[in-house]
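Novice: When you get a sec, could you give me coordinates for this:
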Amino acid sequence: MNIQLKPLNQQTIVITGASSGIGLVTARIAAKQGANVVLAARNEDALRQLEQEINNAGGGKAAYVVADVGNEADHCRIRDVAIEKFGGVDTWVNNAGASIYGRIDQVLTDDAKRLFDTNFWGVFHGSRTALEHLKQRARHGAIINVGSTVSDRSIPLQGVYSASKFAVRSFTDALRMEIEEAGLPIAVTLIKPAAIDTPYVEHAKNYMDEDPSFPPPVYAPETVARGILHAAVHPERDIFIGGAGKMFSVMEKYAPRMTDRYMEATMFKQQKAGTRGRRSGVGLHRPGIGLQERGGYEGHVMESSLYTTATTHPLMTGLILGAAGAAVAALVASPSVREHMRS
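Specialist: Have a look, this model is predicted:
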């Protein structure tokens, strides 16, 4: 099926989780490039301000819907606003998400269920609403689901989050195959970000005795927004955001037990900030702070990803595969990792 996606400045794009982080950056960039955006999140004050900001700036226009993506009916309201304001949807981005930090035996069942309501059921409802809409209108379009590098490789202390992203990957792959078999002109893309400097950590529920932190390397949210908007106009199966995520995916495939040992040696320490009480953890059950693109990560933030740039420009792919292989070799040769693996 030859899928013809519109140029960005001719599209209407639904973005869930639009009030902060990746969704906020994506909405702003898309609107600057002329797309109309339908903003969905739980934080009405932030959405109202963002809608006004975009509509006053020129370029594309914005409308917002206060929505909890765990509720199927809210996705229908998002679709209806897109039809009323802009005539329909061309690209639907299922981005809303939340996390929990803590050992699996500590996490309350209600918290785990709430996380799945957002991370998995939000993608499920959004994808099906978008699919129904695009089928009814016989439109070429794109469904873009924001997964994670932990869609391929689970990490300790975020086991519930990892499980939800594994579910998102499995659902997205099945949906893509069913759409392709039916001959529908709809691209289905899974975005797999590495650690991204957004309010993700501040919004996460935390069971640990220290504030949570990101395991490096950490990338800017603009790297994800660029990947999402690339997929909105170029059909892609999946896009890793950051070479580190691809590296762990390769390690999991070819050396899963070695990867276990590496994670055990590094991830428990790297996900703890060494402080206590600086993170609010409000985003799981109620709206977090809105209109914040970044989370204030204190280490180095990578503003671009050579790997992601290369994979969206195929002529550079060979060069990047060589670099990824060298990175894996260097990681395995690390004295601390080798010592832990021998223990």
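
Novice: and the gap between the nearest residue to residue 285 once chain neighbours are set aside and residue 64?
Specialist: Nearest residue to residue 285, sequence neighbours excluded (CB to CB, 6 or more residues apart in numbering): residue 114, at 6.1 Å. All C-beta atoms are positioned from the backbone trio N, CA, C, and that covers glycine. Going from residue 114 to residue 64 by CB to CB, to the nearest Å gives 23 Å.

Novice: Now the helix or strand hosting the residue nearest to residue 285 - C-alpha only, CSV.
Specialist: Here residue 114 sits within helix 109-116, counting by DSSP states H and E. Presented in CSV, the C-alpha positions along helix 109-116 are these (Å, rounded to 0.1, in the frame of the first residue of the first chain):
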residue,chain,number,x,y,z
THR,A,109,-1.9,-2.6,42.7
ASP,A,110,-4.1,0.5,42.4
ASP,A,111,-1.0,2.5,41.2
ALA,A,112,0.0,-0.2,38.7
LYS,A,113,-3.6,-0.3,37.3
ARG,A,114,-3.7,3.5,37.0
LEU,A,115,-0.4,3.5,35.1
PHE,A,116,-1.8,0.9,32.7
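
Novice: what helices or strands is it leaning on?
Specialist: strand 100-101, helix 159-181 (3 or more CB pairs under 8 Å, 6 or more residues apart in numbering; DSSP states H and E).

Novice: now the angle from that helix to helix 159-181?
Specialist: Counting by axes from the mean of the first three to the mean of the last three CA atoms, to 10 degrees, helix 109-116 lies at 30 degrees to helix 159-181.

Novice: what comes up buried for helix 109-116?
Specialist: 111, 112, 114, 115, 116 (16 or more other CB atoms under 10 Å).

Novice: separation between the first one and residue 150?
Specialist: Looking back up the chat, that one is residue 111. In terms of CB to CB, residue 111 sits 18 Å off from residue 150.

Novice: Likewise for the last one?
Specialist: Distance of residue 116 to residue 150, computed by CB to CB: 14 Å.

Novice: swap in the second one?
Specialist: Between residue 112 and residue 150 the computed distance is 15 Å (CB to CB).

Novice: other SSEs contacting the top strand by length along the chain?
Specialist: Longest strand in the chain by number of residues (criterion: DSSP state E): strand 186-193. The helices and strands touching strand 186-193, judged by 3+ CB pairs under 8 Å, 6+ apart, are helix 122-136, strand 141-146, helix 159-181, helix 221-233, strand 238-241, helix 243-254.

Novice: Among the ones you listed, which comes closest to residue 309?
Specialist: helix 221-233 (8.5 Å; CB to CB).

Novice: Just want the angle from the closest one to strand 186-193.
Specialist: Using the same axes, to 10 degrees: helix 221-233 against strand 186-193 is 170 degrees.

Novice: average pLDDT for helix 221-233?
Specialist: The pLDDT scores in helix 221-233 average 98.

Novice: repeat for stretch 101-113
Specialist: For stretch 101-113, the per-residue pLDDT averages 97.

Novice: Tell me the gap between it and the middle of its chain.
Specialist: 21 Å (CA atoms, centre = their mean, to the nearest Å).

Novice: Contacts made by it with the rest, please.
Specialist: For stretch 101-113, contacts defined as CB atoms under 8 Å, 6 or more residues apart in numbering pick out 100, 156-160, 204-208, 212, 271, 284.

Novice: I'd like to know which of the residues you listed is nearest to residue 227.
Specialist: Among the contacts of stretch 101-113, and counting by CB to CB, the member closest to residue 227 is residue 158, at 21.3 Å.

Novice: Look up the residues forming beta bridges with that closest one.
Specialist: Counting by DSSP bridges, residue 158 forms beta bridges with residue 102.

Novice: tell me the contacts of it?
Specialist: 99, 100, 101, 150, 271.

Novice: let's see it at 10 Å
Specialist: 99-102, 104, 148, 150, 164-165, 204, 212, 215, 267, 271 (CB atoms under 10 Å, 6 or more residues apart in numbering).

Novice: and the gap between it and residue 282?
Specialist: 18 Å.
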